[in-house]
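Student: quick one: sequence plus predicted model below, questions after.
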Amino acid sequence: MTIKELVGQLDANREIFRASIWTVLGNVASRLFGAVSALALSVILGAFGYGQYSLLLSTATLCAGIGQLGLQSVLTRDLAREPVDRRAACSSTALFLMSSVTLVTATVMVAASSLFSFLQPLRDAAGGALWLVVPWSIAMALNNQVTASLVGVYRFRASAALAAVRGFLVGALLVALALGGSIAEMILGAVLGEFAAACVALILLSRARLLTRNWDVGYLRHLVKVGAGAGAASLLIQSVAWGAQTLLANQADGLVQVGIVALGVRLGLVASLLSNSLVTVLLPYLSANRGSANSRGAVLWPILVAASSSALTALLLPLIRLYWPTAYAEHTNVLMLMLVLAVCSAANTSVGSLAVARGLFRAWVLSDVLLSVVMATMVVLLVPSAGALGLAVSQIAAYASSAAFLAWRSREGVQS
């Protein structure tokens, strides 16, 4: 590396560090609220009740994920590159598209739930309030899309504020209703919290001059074109992950095992807090220079941070045996594997951000297809016999395979 390249690397690193402060603060606040509320819910509801809530949450997340068409990273990249006078139209066009697709997806999901016996655990968990998945998923998609827009124009403070407000509102309402309400009332609280955060999100979007009534038809065509591939891959991977959890729920003590996996996922999210913040900050900078050699080494940071944080979190697992219900304490091996999954997921997301920045959309889509195929194959083989343990192993293999594929393909030249 020449002196000029070294100086460029240091300058890029300083920019990333300064921007990451606000993103980390927002994510720390959001994840802290989310972690406290999730851990409280896991104790208050027990593994079975927490499994019911988690199954409904994963369904709403699935609908929101499909509705977003896998375009969040693309939107962040595009806004980082677009002229200032086109950003509002592009952001508003994406908001309309993603909200519309989410509405259709959630409505179809709720309607289909009454037709298939495989979805009986979902109907049982909802207690007659499955329709709440529709507004829940729409509010989720809206908040996620606004975050992607704000990051794309370097509004890291606004993004941090939204994350903190969202985490607090949803977490507080969930815990309050869990103490004396039903699962259906909890879901209603989550919907109200997400929509309150969505109101804040729209205000922030307006203040950033990213909200307008004028849509960009050309950009809509661009999103549909990219989303045709990315959305199909997103549909595949989200559906496989949700199907795996639903298959687990249909096993003996299935909802208990879903609750155990959900607690492991939450611990993994806590462990990957800093790494996710770094990836969020990296994408617009990588996109602005199309993943140049000066900044590509930064994609290793999130992976190293996730590995260190997961190791530290693993040291706290003995506390599960002391303070959590017995069902969790009996499955600390699953919780440990979910921390390994957090590292693999961080690697996949970080290397994926480089692929998106370099315009390698085909490789990005193919990585999701590979992830889905590996996960689906191993889930069918392992979950019926190994339950939650089999699901954890399947997810680790899937995310590790995808990350390795992306790392290999990201060596290619920059594309449009």
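Tutor: On my side now, so go ahead. Residues are numbered from 1 along each chain as shown.

Student: for residue 378, what are its contacts?
Tutor: Contacts for residue 378 (Cβ atoms under 8 Å, 6 or more residues apart in numbering) come out as 390, 393, 394, 397, 398. All C-beta atoms are positioned from the backbone trio N, CA, C, and that covers glycine.

Student: oops, could you answer that again for residue 310 instead?
Tutor: 268, 271, 272, 339, 340, 342, 343.

Student: switch the cut-off to 6 Å
Tutor: The contact partners of residue 310, by Cβ atoms under 6 Å, 6 or more residues apart in numbering, come to 271, 339, 342, 343.

Student: just the C-alpha atoms of the helix or strand it falls within, please, in PDB.
Tutor: Per DSSP states H and E, residue 310 falls inside helix 300-314. C-alpha atoms of helix 300-314 as PDB (Å, rounded to 0.1, in the frame of the first residue of the first chain):
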ATOM      1  CA  LEU A 300     -13.500  -6.900   8.700                       C
ATOM      2  CA  TRP A 301     -14.300  -4.600  11.700                       C
ATOM      3  CA  PRO A 302     -17.900  -5.800  12.200                       C
ATOM      4  CA  ILE A 303     -16.800  -9.400  12.100                       C
ATOM      5  CA  LEU A 304     -14.100  -9.000  14.700                       C
ATOM      6  CA  VAL A 305     -16.300  -6.900  16.900                       C
ATOM      7  CA  ALA A 306     -19.200  -9.500  16.700                       C
ATOM      8  CA  ALA A 307     -16.800 -12.400  17.500                       C
ATOM      9  CA  SER A 308     -15.400 -10.500  20.600                       C
ATOM     10  CA  SER A 309     -18.900  -9.500  21.800                       C
ATOM     11  CA  SER A 310     -20.300 -13.000  21.400                       C
ATOM     12  CA  ALA A 311     -17.400 -14.500  23.400                       C
ATOM     13  CA  LEU A 312     -18.100 -12.000  26.200                       C
ATOM     14  CA  THR A 313     -21.800 -12.700  26.100                       C
ATOM     15  CA  ALA A 314     -21.100 -16.500  26.300                       C
END
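
Student: buried set for that helix?
Tutor: 301, 302, 303, 305, 306, 307, 309, 310, 313, 314 (16 or more other Cβ atoms under 10 Å).

Student: count the neighbours of the closest residue to residue 126 other than its chain neighbours for me.
Tutor: With sequence-adjacent residues excluded and distances taken as Cβ to Cβ, 6 or more residues apart in numbering, residue 126 is closest to residue 56, at 6.0 Å. By other Cβ atoms under 10 Å, the residues close to residue 56 number 24.

Student: could you look up the SS state of residue 56?
Tutor: helix (DSSP: H, G, I helix; E, B strand; the rest coil).

Student: got the contact list for it?
Tutor: 125, 126, 187.

Student: ok, 8 Å please
Tutor: Contacts of residue 56 by Cβ under 8 Å, 6+ apart are 122, 125, 126, 130, 133, 183, 187.

Student: state the distance from residue 399 to residue 127.
Tutor: 33 Å (Cβ to Cβ, to the nearest Å).

Student: show me which of the two is the more surrounded one.
Tutor: residue 399 (24 against 14).

Student: that one is in contact with residue 345, isn't it?
Tutor: Yes: here residue 399 lies in contact with residue 345, judged by Cβ atoms under 8 Å, at a distance of 5.1 Å.

Student: below-threshold pLDDT in the stretch 301-416 of the chain: ranges please.
Tutor: For the stretch 301-416 of the chain, residues meeting the criterion pLDDT under 70 lie at 320-325, 412-416.

Student: what does the stretch 1-150 of the chain give?
Tutor: 1-27.

Student: on that earlier part again, just the ones of the contacts of residue 56 in helices?
Tutor: Among the contacts of residue 56, the members found in helices (DSSP state H) are 122, 125, 126, 133, 183, 187.

Student: quick check: the second one vs residue 45, distance?
Tutor: When Cβ to Cβ is applied, the distance between residue 125 and residue 45 equals 11 Å.

Student: so what's in contact with these two at the same time?
Tutor: Contacts common to residue 125 and residue 45, judged by Cβ under 8 Å, 6+ apart, are 52, 53.

Student: looking at the two, which is more packed in?
Tutor: residue 125 (25 against 19).

Student: return the closest of the contacts of residue 378 with respect to residue 169.
Tutor: Each of the contacts of residue 378 was scored against residue 169 by Cβ to Cβ, and residue 398 proved nearest at 32.5 Å.
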